[in-house]
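Chemist: make a model of this:
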Amino acid sequence: MKAWVYGEERELGAAQFADYLDPATTAVVSIDMHRGHLDDSPDCPCPAPRARDVVAPIDSFHDDARALGVRIVHVKSVLRPDGADDINGIPAAWRRTFPLHVGAIPNADAHAIEGSRWTEWVTRVEPGDMRVESKRRLSAFYPTDLDFLLRNQRIETVVLNGGFTDCCVLNTAFDANNHNYRVIVLRDLVRGTDPHLESAALSMVSLHLGLVLDSAELLRQWRGIGQS
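Modeler: All right, here's what the predicted structure looks like:
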């Protein structure tokens, strides 16, 4: 099995990680693939333009995963319309720190507001997929019912895609690991702030949290199990 360890592709024995590769106990968790990050208009409230090029590949991967019986969970940030859980409460740190690097974000207050167009999915959500729409901060587990949902589905391994690699994907990987899930992050289906932070985040995952694989390799492993 080909995996990425600290930025280098390595050949690992699939048997060594067989417990990571059981489709029956796995869910794909797709993080924040919504218009608030991916819209190409100038008033996009929290732009993540590098992630736009993985929308179609994520949709294609989800189709393949569904065909193999793997469950799909779409998670997105949604905040109360009055801002009580963010801008009119204790604002999330990124609102103050991220602009120090990227400059002012003109429409940031509109990010993830319930009922706005900025919470609309950009990737395709099929009727059989599961949705978690109460993420308020950086982790898909906080403060949502994702853990409750996964445990009710008897899920033991989570496969992460979406954005940002160095922010919400990384936070979710840490939380999943701390909740005792096995973690796989799909190297080709996540995007970070920039290549440097993306690489650093994937290296951290590969050393401390789980496996970093390409999506084609994971599908190859899943299909191999189905044929054995």
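Chemist: hang on, residue 37 in a helix?
Modeler: Yes: counting by DSSP: H, G, I helix; E, B strand; the rest coil, residue 37 is found in a helix.
Chemist: check contacts around it.
Modeler: 44, 46, 47, 48, 51, 163 (CB atoms under 8 Å, 6 or more residues apart in numbering). For glycine as for every other residue, the C-beta is placed from the backbone atoms N, C-alpha and C.
Chemist: center of the chain - which residue?
Modeler: residue 31 (3.3 Å; CA atoms, centre = their mean).
Chemist: wait, that one touches residue 165, no?
Modeler: No: using CB atoms under 8 Å as the test, residue 31 is too far from residue 165 to be in contact (9.8 Å).
Chemist: where exactly do the helices run in the chain?
Modeler: 35-38, 55-67, 94-102, 146-152, 170-178, 195-204, 215-227 (DSSP state H).
Chemist: figure out which of those helices is closest to residue 78.
Modeler: Nearest of the helices of the chain to residue 78, taken as CB to CB: helix 35-38 at 9.5 Å.
Chemist: what helices or strands is the biggest strand by length in the chain leaning on?
Modeler: Assignment by DSSP state E gives strand 182-191 as the longest strand of the chain. Packing partners of strand 182-191 (3 or more CB pairs under 8 Å, 6 or more residues apart in numbering; DSSP states H and E): helix 55-67, strand 157-163, helix 170-178, helix 195-204, strand 211-213, helix 215-227.
Chemist: count of residues packed around residue 19?
Modeler: Residue 19 has 11 neighbours, counted by other CB atoms under 10 Å.
Chemist: with adjacent residues omitted, what lies nearest to it?
Modeler: residue 182 (6.6 Å; CB to CB, 6 or more residues apart in numbering).
Chemist: show me the contacts for that neighbour.
Modeler: In this structure, residue 182 makes contact with 19, 20, 156, 157, 158, 210, judged by CB under 8 Å, 6+ apart.
Chemist: contacts for stretch 43-62, please.
Modeler: The list of residues contacting stretch 43-62 from outside it, by CB under 8 Å, 6+ apart, reads 28, 30, 32-33, 35-40, 72, 105-112, 118, 122-124, 126, 129, 161-164, 186, 188-194, 215, 219.
Chemist: for ChimeraX, what selects the buried ones among those residues?
Modeler: Here is the ChimeraX command that selects the buried residues among the contacts of stretch 43-62 (16 or more other CB atoms under 10 Å):
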select :28,30,32,33,35,36,37,38,39,72,105,108,110,111,112,118,122,123,124,129,161,162,163,164,186,189,190,191,192,193,215,219
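Chemist: quick one: buried residues of the helix or strand of the chain with the lowest mean pLDDT?
Modeler: In the chain, no helix or strand scores lower on mean pLDDT, DSSP states H and E than helix 215-227, which sits at a mean of 91. Within helix 215-227, the residues that count as buried by 16+ other CB under 10 Å are 215, 217, 218, 219, 221, 222.
Chemist: run through the chain and note the low-pLDDT ranges.
Modeler: Applying pLDDT under 70 to the chain picks out residues 226, 228.
Chemist: at 80 instead, please
Modeler: Residue ranges of the chain with pLDDT under 80: 226-228.
Chemist: isn't residue 114 right next to residue 78, touching?
Modeler: Yes: counting by CB under 8 Å, residue 114 does reach residue 78; the two are 5.2 Å apart.
Chemist: ok, the two, which is more surrounded?
Modeler: Taking other CB under 10 Å, residue 114 and residue 78 do not tie; residue 78 has more neighbours (22 against 14).
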